[in-house]
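Participant: Sequence below, structure please.
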Amino acid sequence: MSTDIFPESRRVSSPLPGASSDPSLIWTIPGLREDPTMCLRCRSAQLLCGKPVCPLLLRYNGLGRTLPMLGQKDWEGSTPPGIFVGRIGYPHVSIGPLLSPEHGDTLLYDTPERWVGRPLQEIVNYRTSLVRGTAPVKVTDAESGTRLIQDVQLVALAQDSAETEAHFHRAPRVRLELSDEAPPFGASAPLDDFRSEVRKVDARLEKASDDLHATARIGVAELYEKEVPVSRIQRAFSAGTLGRRGHRRFVPTRWSITAVDDLLSKENLEQVRDLPELSEFLLYTLNALGDRWFLLLLPGAWRYESIEAWYPGTLWNPLGEQVVMLGDWEGNQGRTTYAGMGGCYYAARLATSEHLECLQRQAGVVVLRETHPEQVMPLGVWNVREHVRAALTHPPERLATYEDVVRRISSFFEIPVGRWLTQSHWLKDWKHQRRLEQFA
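Facilitator: Sure thing, here's the model as predicted:
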């Protein structure tokens, strides 16, 4: 993993309506002044600052005020379908459905594959309208067969939205749940009782769930081959409905998302490495939700790199004085350690490996992402996977030389091209490494 920071005079902050802008929530983060990359490396997952909750996410508690103040314990509505498995206290965690006050089709609220092209506020509205019911379990309870667990797992296998009834132990508390892996959702409350009316399950998920002899890895791969959306595979994996008898586990939602992205991209790359090598530079670009995406395919064998640059005023760069950059890379044989930049690395790797299979070529892949202050809250790694997928559907620019690549980086980004080249392992390698064709 490589990190870099550099001064930037631009200082912009544009929080969403209702978000607190109390600067004390930022400046009291221990160690942040000494290490401006700490928040970008942590992204609330590791609490590197030592605080019990992420101080940056506290700025967004006010967003919860946009939720209806229900003030009631009894609930009727539909689930998109959606579930959430927490990670706090692992292996003792909380599981439960995501519930909407609306009746009917709410599938869009938990289908990130359909969110590309929609404005940020619309996506936030989908998610903050969902209330999470919680029930304590051990991760090994996935096969226990209690009625509540069975109902939650049935929701995870559902084809369409399902009508639900819930009785909460107390009225849901209005607090927005944010992470860099999973999409946000709104209020939550412990469940006393939950019932769902799932009329139709996804036959592909049901078949995988009924297979008690296949490992979870095999189940995930087979569902992907059957073109089950990745978000549904992640949901079934998290709910403990995949794997061999006696080995099924609830998997925290954050972990399941990255685990599935990692597993599927590795499966794809087993095929990609045997394909003919790309012989030209191909460039794909996209601007979306405050991100500028620059996706470059390099001639030659498979290798991969992902670099993010976060401007002042963005969530994981709260200092407001300098741009922070973070990147990870791997060679032809892949990684042996977890990428320091987290789930975004694996989400982009899945999307680009899919594209190489479509091209029937292997190539080097460099993913550059410049995040501007328009993106003021974490949306989950779906934002990376689906927008990289979207960019790769456009016709590519064909660049003749490495010098053309450098010129396009310079014209596309606000950050000086020299910073990208300094940060990038594979772009530096291309510039300095002599190749066989140079001797032809």
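Participant: Which segments of the protein make up each domain?
Facilitator: Listed by automatic domain parsing, the domain ranges of the chain are 67-264, 275-439.
Participant: can you put the ones you listed in CSV and add mean neighbour count?
Facilitator: For glycine as for every other residue, the C-beta is placed from the backbone atoms N, C-alpha and C. Below are these laid out as CSV (neighbours: other CB atoms under 10 Å):
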stretch, mean neighbour count
domain 67-264, 19
domain 275-439, 19
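Participant: Show me where the chain has its strands.
Facilitator: 2-7, 74-79, 83-85, 92-99, 131-138, 162-168, 188-197, 281-288, 291-298, 303-310, 322-330, 364-371, 397-399 (DSSP state E).
Participant: what packs against the third one?
Facilitator: Secondary-structure packing of strand 83-85 (3 or more CB pairs under 8 Å, 6 or more residues apart in numbering; DSSP states H and E): strand 92-99, helix 147-157, helix 230-238, helix 253-272.
Participant: Make a markdown table out of these and add mean pLDDT and distance to residue 202.
Facilitator: Formatted as a markdown table, those follow (pLDDT from 0 to 100; distance: least, CB to CB, whole Å):
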| stretch | mean pLDDT | distance to residue 202 |
| --- | --- | --- |
| strand 92-99 | 96 | 16 |
| helix 147-157 | 96 | 6 |
| helix 230-238 | 98 | 7 |
| helix 253-272 | 97 | 16 |
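Participant: possible to save the ones you listed as CSV with distance to residue 203?
Facilitator: Output for the helices and strands packed on strand 83-85, formatted as CSV (distance: least, CB to CB, whole Å):
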stretch, distance to residue 203
strand 92-99, 21
helix 147-157, 9
helix 230-238, 12
helix 253-272, 20
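Participant: quick one, which of the strands of the chain is nearest to residue 257?
Facilitator: strand 83-85 (10.8 Å; CB to CB).
Participant: So what's the residue count around the closest residue to residue 342 other than its chain neighbours?
Facilitator: Spatial nearest neighbour of residue 342, chain neighbours left out: residue 43 (6.0 Å); criterion: CB to CB, 6 or more residues apart in numbering. For residue 43, the neighbour count with other CB atoms under 10 Å is 22.
Participant: Please tell me the pLDDT value assigned to residue 43.
Facilitator: What the model reports as pLDDT for residue 43 is 72.
Participant: I'd say it and residue 316 touch.
Facilitator: Yes: counting by CB atoms under 8 Å, residue 43 does reach residue 316; the two are 5.9 Å apart.
Participant: for the stretch 51-200 of the chain, what are the low-confidence residue spans?
Facilitator: Within the stretch 51-200 of the chain, the stretches with pLDDT under 70 are 51-70, 174-180.
Participant: on that earlier part again, if we compare the domains of the chain, which one ends up closest to residue 48?
Facilitator: domain 275-439 (11.6 Å).
Participant: And stretch 354-370, end to end?
Facilitator: With CA to CA, to the nearest Å applied, stretch 354-370 spans 23 Å between its terminal residues.
Participant: And the residue nearest the centre of the protein?
Facilitator: residue 381 (1.3 Å; CA atoms, centre = their mean).
Participant: Residue 394 versus that residue, what's the distance?
Facilitator: 21 Å (CB to CB, to the nearest Å).
Participant: likewise residue 71?
Facilitator: 48 Å.
Participant: cool, residue 349 as well?
Facilitator: Counting by CB to CB, the gap between residue 349 and residue 394 amounts to 19 Å.
Participant: do residue 417 as well
Facilitator: Distance from residue 417 to residue 394, by CB to CB: 22 Å.
Participant: Residue 213 too?
Facilitator: Residue 213 is 42 Å from residue 394, by CB to CB.
Participant: Go ahead and confirm residue 396 touches residue 285.
Facilitator: No: counting by CB under 8 Å, residue 396 does not reach residue 285; the two are 9.3 Å apart.
Participant: Run a quick check on residue 285 versus residue 391, I expect a contact.
Facilitator: Yes: counting by CB under 8 Å, residue 391 is a contact partner of residue 285 at 6.6 Å.
Participant: what's the overlap in contacts for the two?
Facilitator: Taking CB atoms under 8 Å, 6 or more residues apart in numbering as the contact rule, residue 285 and residue 391 both touch 293, 295.
Participant: Now distance to residue 337 too, for the strands of the chain, in a markdown table please.
Facilitator: Formatted as a markdown table, the strands of the chain follow (distance: least, CB to CB, whole Å):
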| stretch | distance to residue 337 |
| --- | --- |
| strand 2-7 | 14 |
| strand 74-79 | 37 |
| strand 83-85 | 25 |
| strand 92-99 | 25 |
| strand 131-138 | 29 |
| strand 162-168 | 40 |
| strand 188-197 | 34 |
| strand 281-288 | 28 |
| strand 291-298 | 23 |
| strand 303-310 | 14 |
| strand 322-330 | 9 |
| strand 364-371 | 19 |
| strand 397-399 | 32 |
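Participant: how about those, which one is nearest residue 233?
Facilitator: Comparing the strands of the chain by CB to CB, strand 83-85 comes nearest, at 13.3 Å.
Participant: what lines up beside that closest one in the sheet?
Facilitator: In the sheet, strand 83-85 lines up against strand 92-99 (antiparallel) (DSSP bridges).
Participant: from the chain's centre, how far out does the strand it pairs with sit?
Facilitator: 19 Å (CA atoms, centre = their mean, to the nearest Å).
Participant: Go ahead and name everything in contact with that strand.
Facilitator: 75, 77-88, 109-110, 130-139, 149, 151-152, 155, 164, 166, 185, 188, 191, 194, 196, 239, 250, 252.
Participant: one more time with 6 Å
Facilitator: 77, 79, 82-86, 130-138, 152, 155, 164, 185, 191, 250 (CB atoms under 6 Å, 6 or more residues apart in numbering).
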